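1. sequence plus the predicted model coming up.
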Amino acid sequence: MFYIDWTYIVLVLPFMILSLVASAKVNSSFKRYSEVYSKRGLSAVDAARRVLQANGVTDVAIEQVSGHLTDHFDPKANVIRLSDSVYGSTSVAAIGVACHEAGHAVQHAVGYVPVKVRTAIVPITNIGSKLSIPLIFIGIALSYLGEFYSYIAYLGVALFSLCVIFQLVTLPTEFNASRRAIKALSENGILDEQELKGAKKVLSAAAMTYVAALAVAVMQLLRLLIIVGNTRRRR
């Protein structure tokens, strides 16, 4: 007999589909504006350096890393890593992505509060992501032995909620990094008004992937609460 998890189908699956759509939108937007080149001919890596300089950040290195859209800022190494498709490109899309990562570097340099919070909760979030599902499974499987095991399942749910909090704190950091990027691109004349529109579309599409990820995490948390709650009532 097949078991159909209606809580997953009703609560999580729609937002999983939304997440896939958001990811596809990022790729299509990046591809489209990768064919629109900056009139100034400035490369993405040079644009990122100008954003850093405009904000008084001089100690951040920029490196090239393999892959497609694997761009990120590594706060531990204090390095911006730009992917092959971004690093040397003069396209509007590449410049937008590179300057977004420069925005993250600026956040760390100025002590942007949401970044501090996210960095602080990373260790416990990693623990929570590893232990939450096993604890929920153990708690549900052994709940017939007594109330104690129901509490273990709820502990697993509480640990999973840390992942939701992490996703929630990530949202302002991503939106803020994009705002810093667009502001610097405009104020420093790196892109003109029309080119800025393309960069904004790429960064907006990327931001939606984080919104979708938060929605998936919230719905998954609600699903786990329902499952554990139903198990406890049936005990």
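-> Thanks, I have the structure now. In this text the structure is predicted, and so the values were computed from the model without any measurement.

2. show me the contacts for Ala22.
-> For Ala22, the contact set (C-beta atoms under 8 Å, 6 or more residues apart in numbering) comprises Ala205, Met208, Thr209, Val211, Ala212. From N, CA and C alone the C-beta is placed, and that goes for glycine too.

3. mind listing what's buried along the helix or strand hosting it?
-> Taking DSSP states H and E as the definition, Ala22 sits inside helix 13-33. Using 16 or more other C-beta atoms under 10 Å as the test for burial, helix 13-33 gives Phe15, Leu18, Ser19, Ala22, Ser23, Lys25, Val26, Ser29, Phe30, Arg32, Tyr33.

4. closest to Glu193 among those residues?
-> Among the buried residues of helix 13-33, Tyr33 lies closest to Glu193 (C-beta to C-beta), at 14.7 Å.

5. that closest one against Gly198, yeah?
-> Yes. Counting by C-beta atoms under 8 Å, Gly198 is a contact partner of Tyr33 at 4.3 Å.

6. how about Tyr87, secondary structure?
-> Assigned with DSSP: H, G, I helix; E, B strand; the rest coil, Tyr87 falls in the coil class.

7. how much space separates it from Ile62?
-> 8 Å (C-beta to C-beta, to the nearest Å).

8. what touches both of those two?
-> Val45.

9. who's in contact with Val65?
-> Per C-beta under 8 Å, 6+ apart, neighbours of Val65: Asp71, Arg81, Leu82, Ser83, Asp84.

10. state the pLDDT value of it.
-> Predicted confidence (pLDDT) for Val65: 96.

11. shouldn't Ile190 be in contact with Ala44?
-> No. Counting by C-beta under 8 Å, Ile190 stays clear of Ala44, with 10.2 Å between them.

12. in this protein, which spans are helices?
-> Counting by DSSP state H, the segments of the chain that form helices are 6-7, 13-33, 44-54, 92-110, 113-141, 147-187, 193-234.

13. who are the packing partners of the longest one?
-> To tie it back to what came earlier, the one meant is helix 193-234. Contacts defined by 3 or more C-beta pairs under 8 Å, 6 or more residues apart in numbering; DSSP states H and E place helix 193-234 against helix 6-7, helix 13-33, helix 92-110, helix 113-141, helix 147-187.

14. for those helices, give me JSON lines that also has mean pLDDT.
-> Formatted as JSON lines, those follow (pLDDT from 0 to 100):
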{"stretch": "helix 6-7", "mean pLDDT": "90"}
{"stretch": "helix 13-33", "mean pLDDT": "96"}
{"stretch": "helix 92-110", "mean pLDDT": "97"}
{"stretch": "helix 113-141", "mean pLDDT": "93"}
{"stretch": "helix 147-187", "mean pLDDT": "94"}
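
15. for the ones you listed, which one ends up most surrounded?
-> helix 92-110 (a mean of 26; mean count of other C-beta atoms under 10 Å).

16. centre-most residue in the chain?
-> For the chain, the residue sitting closest to the mean C-alpha position, by C-alpha atoms, centre = their mean, is Tyr210 at 4.7 Å.

17. got a list of what that one touches?
-> Shown in contact with Tyr210 (C-beta under 8 Å, 6+ apart): Gln167, Thr170, Leu171, Glu174.

18. excluding its backbone neighbours, what's nearest the first one?
-> Which is Gln167. Leu214 (4.3 Å; C-beta to C-beta, 6 or more residues apart in numbering).

19. for the helices and strands packed on helix 193-234, which one sits closest to Arg40?
-> Smallest distance to Arg40 across the helices and strands packed on helix 193-234 (C-beta to C-beta): 9.5 Å, for helix 92-110.
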